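Student: Sharing a model prediction with you, sequence too.
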2 protein chains.
Amino acid sequence: MFSTEICKILNIQYPILLGGMVFVGKGELTAAVSEAGGLGLLGAGGMSLEEIASELEIVRSKTSKPFGVNVPLARPDADEMIDVSIKGGASVISTSAGSPKRYTQMIHDLGCKVIHVVSSVTLAKKCEDAGVDIVVAEGFEAGGHNGYDELTTMTLIPQVVNALKIPVVSAGGIANGHGFVAALALGAQGVQVGTRFAATLESGAHQNAKDAIVASRDNDTCITGRTSVGPTRSLKNSLTAQIIKAENEGMPPDKLMEMIGGGRSIMACVDGDCEEGTVYCGQIGGLVNKLITVKEVVETMMAEAQEITGTLSSLSSPTK
Amino acid sequence: MFSTEICKILNIQYPILLGGMVFVGKGELTAAVSEAGGLGLLGAGGMSLEEIASELEIVRSKTSKPFGVNVPLARPDADEMIDVSIKGGASVISTSAGSPKRYTQMIHDLGCKVIHVVSSVTLAKKCEDAGVDIVVAEGFEAGGHNGYDELTTMTLIPQVVNALKIPVVSAGGIANGHGFVAALALGAQGVQVGTRFAATLESGAHQNAKDAIVASRDNDTCITGRTSVGPTRSLKNSLTAQIIKAENEGMPPDKLMEMIGGGRSIMACVDGDCEEGTVYCGQIGGLVNKLITVKEVVETMMAEAQEITGTLSSLSSPTK
C-alpha cells in the first residue's frame, strides 16, 4: 500500500521519512519510525560523535529495519559524523545545510544512499547533478531551518518534480493522510514529517515542548532570523518576540547569533523552558492535537490516505 | 466529473473559481472561465460603477452560464458595487478585505450567494458565523494581497476544513491538475485560480505582464508591504527592490503608500511597464510556461486530475 519508488530505494514499507530534528529525533524516535514502516533519521545535528554512536546503539536494539542519520554539513566534523553513522548501522545519510557535492560520492562508496534537503528548484538540480539518490523539497511552512526563497510545499514540489528525474520527497505541512495524499498528488514519491513526529510519545523533546506543539493553533508560529542569520520557524514565545524586536531595531548578525545560539533549543527541548527557549514547530502544528505513538501516526496516516484516495477516485469518475 | 458540493451551490460544472484580479479579471476573462465550466469572478476592485456595468454586459454577451463579481469591502461604495453587480446579472458575490458580516444578509436578500476570502482559521469561523455560503482560504503562495499570518495552502486548508461545516475552496499555488487534486485531498471542495488564468489569451493583463508571468521561475516573486501597509506578492522587479529598500530603511506607512499606490498596477497591467509597475504573481508562476486559452487551462487541469487520481488509486491498493 502506497509503495513508491523511494520505498524500493530505501527498502522501507511506507514512503514516510522522519525529519532530522536536533534534541527531538533521538534513538527512540528514530527506531519507532523505522519499526512502523517508515525511515527513521537520527537528528544528529546537536550530538557529539560519541552520542551519535550510543543513540544508534539504541536504534539497533529497538529495530532491525533500515534507518538513517541527518547530518548538517555545516558541522566541521561532518565527515566523521558520516563515518560514525555508517559504522553504527545507518544505510541512509540525509544531508542538509551545505553543498550536496561534498560527500555524496564518499557516502555512496561506503554503500549508503544519500538524501539531500532543498528549498528551491536550483538547489534541487544541483543535488541531482551531484548524484544524490533522493531530494527532499521542504516548504516555507516547515518548522526549523527554512529557505530564504520562502517557497511553499504546494508550489515547490510540482516545480522540483518537473525539473528532476530522481524521486522527490515532500516536506513541510504534512501531519496526516490529507497532507500525505496531497504530497503524492503534487508529484512527490513520499513525505518527510517533522512536527507530527516531534509530538509523539517516543519523541525526545521535553514534555513541555510536546505539550506546546499540541496546544498551538494555525497562526502560533513565526519566522525569526529573516534579516540576516537565516530564517527558522518556531512557536511564538517570549524569545521570538525579543528576536523580532531586535531584528526590527537593526541588531547586527553577530549579536543576533549570540541572542539565539544553539543553547535556545536545549532550553526548550531538553530543559522544558518553552518561553525563553526555541520550540521548532511547523504551521501544521495546529492540526496536531494529541500525543500519540509513532505507530498510531503512521497507521492513521495510511488509513486516512486510503479513504481519501477512494473519495477522489469516485469524484473523478465521469459516470458519477 | 469532479462535481463537488460547491458545484451545486454555484450551479457550475467544475469546482474552479477565477480569483478576483484587478485590471486582469475583466469581462472577457470572467466570461471565458464561466463558459469553460468554472465560475468567472469579475475583478471589480479597480473599476468604477459604470465600468462594472459595462464589463458585465460583455460577460453576458459571451456566456449564459453563472458568473460573479469580486468586491473588496475596503471600497467605500461597496454596497453600490454589489447592487450594480447583481443588476448586471451576477449570481455570486465574492467579498474580501473587510468584515463578512457587513453585506452577507443584504446579498442573500438579493438572491445571490456569498463567498468570502480568508487567510486564517479565526477569520474563516467568522465567515461561517456571518452566514457566507463558501469560504475561499488563500495561502501565502498566492499572488496579490496576502495575509499577515503567512499560512500556506498546505497547512491552511486542512485546518480551515476541520474548523468549518460550510464548504472550503483552496486558493494559492494551484495552476494545474496536480494542485487541483492536492487541494481536494486537503479537504477543499474546489479551487480558486489566479496566476494561471492571468496568463491566458483572454486575460485582461497587458501582453508584457502576461509574458513576465510566463518567463518567471519558482523564486521570482517576493512579498512587499510586510512591515506596515499590508503584504502583497508580485514579481520581483525594480519597483519591489525600491519598496523593500525603503521598508528596510524604516519608511513610514503613508510614504510607503505613496510609493506603491494603485497606479502601480495600472502601470504594469494596463501600460505594460513591468519594471516600475506591479505584476501580481503567485509562487506557482514558475509552472506557467505558455499562454493558452482558458478552455485549455480548465480541460488540461481536469484531464490531469483524472490521471492523477487514477495513479493514486492504484497506489492505495493493498494488493499492489
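Tutor: On my side now, so go ahead.
Student: What are the contacting residues of the longest helix along chain A?
Tutor: Selection of the longest helix in chain A by residue count, based on DSSP state H, yields helix A:294-315. With C-beta atoms under 8 Å, 6 or more residues apart in numbering or on different chains as the contact definition, helix A:294-315 has outside contacts at A:1-2, A:14, A:16, A:29, A:32-33, A:35-38, A:176-178, A:180-181, A:193, A:196-197, A:200-202, A:292, A:320, B:1-4, B:181, B:184-185, B:309-310, B:312-313, B:315-316. Every C-beta, even on glycine, is put in place using the N, C-alpha and C of the backbone.
Student: and stretch A:271-281, how far apart are its ends?
Tutor: 17 Å (C-alpha to C-alpha, to the nearest Å).
Student: scratch that, stretch A:242-258
Tutor: One end of stretch A:242-258 sits 13 Å from the other (C-alpha to C-alpha).
Student: What lies in contact with it?
Tutor: Contacts of stretch A:242-258 from elsewhere in the structure, counted by C-beta under 8 Å, 6+ apart, are A:222, A:224-229, A:259-260.
Student: State the mean pLDDT of it.
Tutor: Per-residue pLDDT over stretch A:242-258 has a mean of 93.
Student: Pull the distance from it to the chain's centre.
Tutor: On the basis of C-alpha atoms, centre = their mean, to the nearest Å, stretch A:242-258 sits 26 Å off its chain's mean C-alpha point.
Student: same check, this time on stretch A:75-82
Tutor: Stretch A:75-82 has its C-alpha centroid displaced from the chain centroid by 19 Å (C-alpha atoms, centre = their mean).
Student: go on, stretch A:30-45?
Tutor: What separates the centre of stretch A:30-45 from the centre of its chain is 11 Å, taken as C-alpha atoms, centre = their mean.
Student: repeat for stretch A:211-220
Tutor: Distance of stretch A:211-220 from the chain centroid (C-alpha atoms, centre = their mean) equals 18 Å.
Student: Give me the residues contacting that stretch.
Tutor: By C-beta under 8 Å, 6+ apart, the list of residues contacting stretch A:211-220 from outside reads A:195, A:198-199, A:205, A:235-236, A:274, A:279, A:281, A:283, A:285-286, A:288-291, B:120-122, B:149, B:151, B:155-156, B:159.
Student: repeat that for 6 Å
Tutor: A:199, A:235-236, A:274, A:279, A:281, A:285-286, A:288, B:120-121, B:149, B:151, B:159 (C-beta atoms under 6 Å, 6 or more residues apart in numbering or on different chains).
Student: Which of those ranks first by neighbour count?
Tutor: Of all the contacts of stretch A:211-220, residue A:279 has the most neighbours under the rule other C-beta atoms under 10 Å in any protein chain shown, reaching 33 neighbours.
Student: ok, back up a step: which of the contacts of stretch A:242-258 fall within helices?
Tutor: Among the contacts of stretch A:242-258, the members falling in helices are A:259-260 (criterion: DSSP H).
Student: Taking the contacts of stretch A:242-258 together, which two end up most distant?
Tutor: A:222 and A:228 (16.3 Å; C-beta to C-beta).
Student: who has more neighbours, these two?
Tutor: Comparing residue A:222 with residue A:228 by neighbour count (other C-beta under 10 Å), the higher total belongs to residue A:222, at 20 against 14.
Student: Would you mind naming the residues that bridge with the more buried one?
Tutor: Taking DSSP bridges, one finds residue A:234 as the beta-bridge partners of residue A:222.
Student: From residue A:254, how far out is it?
Tutor: Plainly put, residue A:222 is 22 Å away from residue A:254 if you go by C-beta to C-beta, to the nearest Å.
Student: what about the helices in chain A?
Tutor: Along chain A, counting by DSSP H, helices occupy A:5-10, A:27-35, A:49-62, A:78-87, A:104-109, A:121-130, A:153-163, A:177-185, A:195-198, A:207-215, A:238-248, A:253-260, A:263-269, A:294-315.
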